[in-house]
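Asker: Just a sequence and a predicted model for now, questions to come.
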Amino acid sequence: MSIAAASHGFLSPTGVEIAFLLVGLVTFGAALVTVTTRQLVHAALWLVVALGGLAVEYLLLTAEFIAWVQVLIYVGSVVVLLLFGLMLTKAPIGRSPDADSGNRWAALAVAVAAATALVWVVVDAFRTTWIDLDGAAAGSTKVTGESLFRNWVLPFEALSVLLLAALVGAIVLSRKAKAAAPAAARTPGAHDDRGAKEGAR
Amino acid sequence: MNDAVDVALRLLIVFVVFLTLPLIIGQTEHKVMAHMQGRLGPMYAGGFHGWAQLVADGVKFAQKEDVVPAGADRRVFQLAPAVALLPYLLVLLAIPIGPGEGAVGQVLDAGIFFVLAVMGVGVLGSLMAGWASANKFSLLGGLRTAAQLLAYELPMLLAAASVAMAAGTVSLPGIVHAFQWWWLPWQIVGAIVFFVAGLAELQRPPFDMPVADSEIIFGAYTEYTGLRFALFLLAEYAGIVVLCGLTTVLFLGGWHGPWGADGLGWLWTLLKAAVLAFVVIWLRVTYPRLREDQLQKLSWTLLVPLSLAQIALTGIVKVVIS
């Protein structure tokens, strides 16, 4: 085992490593297009490619469970929510003239700083770790669940409390908006509404 | 070499199933709807009871001109049918129809997550079609599709999670292996929630508000013609196959049956899925379309609480019997 571990190097990549690199490049490219394109809905669709590419990377790292959850949450729900919002705002077909921001250099600086920090942390943490592809999957549902609920219970619970707070906050915000709305609706507009409904019938 | 042949053979079989089962369901729908409504239905093509009608429909679709509206976003418009159809092909790979390695396209560790995740991706096709058509009816259809998906994804996931809890595994063959007959009454609420939410996700009547023909023509698919339109229709029928197969595997015990469980297990799976597919068609003919607000209300005030109650029940029983 130690001999196999010693033979790892960057000069003789295996097929999986090449695939990992290529998918990484595609993901990176899609992410770049997402933030640079002037077409809003295209940006959302390129985001699907980027998030899907990330799921494939998880798969290649044998983390099957994480990969499917990534697809389920991000591609299946978050992007659908994004597209829903874009459709509600009547995102035009073709370029949006105002899809640009004066903050773009500041955004770039923040993005580069965040990326550097993350890459540094990951490289520092996993420098000499290799995944044994022939053995039992290191990221199967069972393994993930055990490490999540044995070693990482506290962060997990803290995150769930954070999400709960966000949920409660969202409900409070939407209720406030509703309380203000009926006062406005008591005006003759309400009659028009009923008339329109009967007309539709 | 042997492995490659094995993989190729499995892919081929799944592909053939993918091409035939939806057509069989489509033909059944023709006939069942005709009988329930006291009419004949298509009777000429192919001779015996018009069995070749769907083939004739396919030929007709292939002959039609493939029109892309001038104002549409060409690439997204043309890509949408593939995005709608392919996920169901991938899901079919993971559904086991019998015990043993030979009866499933590919055994996945987290199969239940895989199928639910990939099924959700299929809806992106409808959204792309709705936006890219440059048509107000299409846009309305796309909006309704998105709202419907967001509402019904949650109860579907919760119902599936209840079965995974009961079985103690998230692998589809593992769930069927763990199945006992008394799971049927135990998980019945979850089963109904899952099936109803699945119907809504496929936009089948009575949840066909996104394609309601009498008010928004055909929703996101209004501008489509020819083969691309046929692909959307095929996606709907493939979706029925997948939903019925999944409900069978998760809640009805898959290949388990009162007799002939050895060797004839795949027949049980197919039989249960076929009965469910009949129910899907039956519901289409029987129930009027739900209004948009009724749709949302049904999901958030009925299905979500029911599925949460089912999870609580599953947890309690699981703790009591262990």
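Answerer: Nice, thanks for sending it over.

Asker: Secondary structure element holding residue B:65?
Answerer: Following DSSP states H and E, there is no helix or strand that holds residue B:65.

Asker: so how far does stretch B:210-227 reach from one end to the other?
Answerer: Distance between the two ends of stretch B:210-227: 21 Å, counting by C-alpha to C-alpha, to the nearest Å.

Asker: Could you pull out the buried residues of that stretch?
Answerer: Buried positions in stretch B:210-227, judged by neighbour count with 16 or more other C-beta atoms under 10 Å in any protein chain shown: B:210-212, B:216-224. All C-beta atoms are positioned from the backbone trio N, CA, C, and that covers glycine.

Asker: ok, and does it reach over to chain A?
Answerer: No: using C-beta under 8 Å from any C-beta of the partner chain, stretch B:210-227 stays clear of chain A, coming no nearer than 9.3 Å.

Asker: Tell me how many other residues surround residue B:150.
Answerer: Neighbours of residue B:150 under the rule other C-beta atoms under 10 Å in any protein chain shown: 17.

Asker: That one against residue A:82, yeah?
Answerer: No: Residue B:150 lies out of contact with residue A:82 (C-beta atoms under 8 Å); the separation is 11.4 Å.

Asker: Test for you: state the pLDDT assigned to residue B:243.
Answerer: For residue B:243, the pLDDT comes out at 91.

Asker: Spell out which helix or strand contains it, please.
Answerer: Residue B:243 belongs to helix B:226-251 when assigned by DSSP H and E.

Asker: helices or strands up against that helix?
Answerer: Of the remaining helices and strands, those touching helix B:226-251 by 3 or more C-beta pairs under 8 Å, 6 or more residues apart in numbering or on different chains; DSSP states H and E are helix B:2-36, helix B:53-63, helix B:74-94, helix B:111-132, helix B:136-167, helix B:172-178, helix B:188-202, helix B:261-286.

Asker: okay if I get these as a markdown table plus distance to residue B:316 and mean pLDDT?
Answerer: Output for the helices and strands packed on helix B:226-251, formatted as a markdown table (distance: least, C-beta to C-beta, whole Å; pLDDT from 0 to 100):
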| stretch | distance to residue B:316 | mean pLDDT |
| --- | --- | --- |
| helix B:2-36 | 38 | 83 |
| helix B:53-63 | 48 | 85 |
| helix B:74-94 | 30 | 86 |
| helix B:111-132 | 21 | 86 |
| helix B:136-167 | 11 | 87 |
| helix B:172-178 | 18 | 83 |
| helix B:188-202 | 13 | 90 |
| helix B:261-286 | 28 | 84 |
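
Asker: closest one to chain A among these?
Answerer: Nearest of the helices and strands packed on helix B:226-251 to chain A, taken as C-beta to the nearest C-beta: helix B:111-132 at 2.9 Å.

Asker: check contacts around the closest residue to chain B within chain A.
Answerer: Of chain A, the residue with the smallest distance to chain B, taken as C-beta to the nearest C-beta, is residue A:76 at 2.9 Å. Applying C-beta atoms under 8 Å, 6 or more residues apart in numbering or on different chains to residue A:76 gives the contacts B:116-117, B:120-121, B:123, B:153.

Asker: Kindly provide the distance from it to residue B:95.
Answerer: To residue B:95, residue A:76 is 18 Å away according to C-beta to C-beta, to the nearest Å.

Asker: do residue B:156 as well
Answerer: 16 Å.

Asker: thinking again about what came up before, now do the same for the residue of chain A closest to chain B: its pLDDT.
Answerer: Looking at residue A:76, its pLDDT reads 81.

Asker: Residue A:194 now?
Answerer: Predicted confidence (pLDDT) for residue A:194: 39.

Asker: go on, residue A:179?
Answerer: Predicted confidence (pLDDT) for residue A:179: 56.
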